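A.B. asks: Following is a predicted model, sequence given first.
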Amino acid sequence: MHESHTKNISKTSSPPVKGFLPTAVALMILGWGGLYWVMIYNVPSGGTRWIFFFTGVLAITGTILPLVAFLNQRFPSNPPPTPAVIVRQALWVGIYPPTLAWLRIGRVLTPSLALLLALSLILIEWFIRLRERSQWKPGHPS
């Protein structure tokens, strides 16, 4: 009885946070190390600017990934999020600050645009999860 109860819990809950730690650490090392390298050893130009944005996404995604996994575990949903969903949500958060930096470089960033961009990313994720929920069948293997 106890074993089957444990199996049901593992199928209906989000993946454990510790499963994302190796990925998070790898992303943080590559991201923050890359940002350090770009900022210290390079002159701002076209190529290094794109490396800055790319490593910024890696660094922030890796940093936020355990928190996103924890929040998905703390606030369960139906269907339960897969590891790909958790990584995608962390990636949305990781894309946001480099996008703001890119807009700031072009001097077009305003508080209302930053809020609109944040709400747009949240809305996109909500629509994706809504689609997943509409196709989910309880007890049916994914």
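C.D. replies: Yep, it's here.

A.B. asks: and residue 73, how far is that from residue 44?
C.D. replies: Counting by Cβ to Cβ, to the nearest Å, the gap from residue 73 to residue 44 is 40 Å. Just so you know, the C-beta spots here come from the backbone N, C-alpha and C atoms, and that holds for glycine as well.

A.B. asks: Looking only at neighbour counts, state which of those two leads.
C.D. replies: A count of neighbours by other Cβ atoms under 10 Å puts residue 73 above the other of residue 73 and residue 44, at 16 against 11.

A.B. asks: Quick check: next helix or strand after the longest helix along the chain?
C.D. replies: When every helix of the chain is counted residue by residue (DSSP state H), the longest turns out to be helix 46-74. Of the helices and strands lying after helix 46-74 in sequence (DSSP states H and E), the nearest is helix 83-105.

A.B. asks: what's the offset of that following helix from the middle of its chain?
C.D. replies: The chain centroid and the centroid of helix 83-105 are separated by 7 Å under Cα atoms, centre = their mean, to the nearest Å.

A.B. asks: Use 41 as the first number from now on
C.D. replies: In the new numbering, first residue 41, that becomes helix 123-145.
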